[in-house]
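Q: just a sequence and a predicted model for now, questions to come.
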Amino acid sequence: MTRTPPTGFKGNKASLPSKPCAVCGRPMSWRRAWAKNWEQVRYCSEACRRQAKAQRGASSEDDA
């Protein structure tokens, strides 16, 4: 009998920490890639990061 290799996350995903995206407000669940810098993660996607950067640029132009 051949065993298949384990795939996917076997733990309880509901117990992972989460926080809202700074731009869209969607909840972001903790990811292993973010383990070292979870405190600094602010955006759920690259699109939200670009939108925040565009908003910061527009607000600094309004100040001038």
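A: Sure, I can see it.
Q: this protein: strands as residue ranges?
A: For the chain, the strands defined by DSSP state E cover 18-20, 27-29.
Q: now tabulate those in CSV and tack on distance to residue 49 and mean neighbour count.
A: C-betas here are computed from N, CA, C, even on glycine. Shown next, in CSV, are those (distance: least, Cβ to Cβ, whole Å; neighbours: other Cβ atoms under 10 Å):
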stretch, distance to residue 49, mean neighbour count
strand 18-20, 15, 12
strand 27-29, 12, 14
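Q: tell me where the model's unsure across this structure.
A: 1-9, 60-64 (pLDDT under 70).
Q: let's see 80
A: For the chain, applying pLDDT under 80 flags the ranges 1-11, 59-64.
Q: residue 23: neighbour count?
A: As a burial measure, residue 23 scores 17 neighbours (other Cβ atoms under 10 Å).
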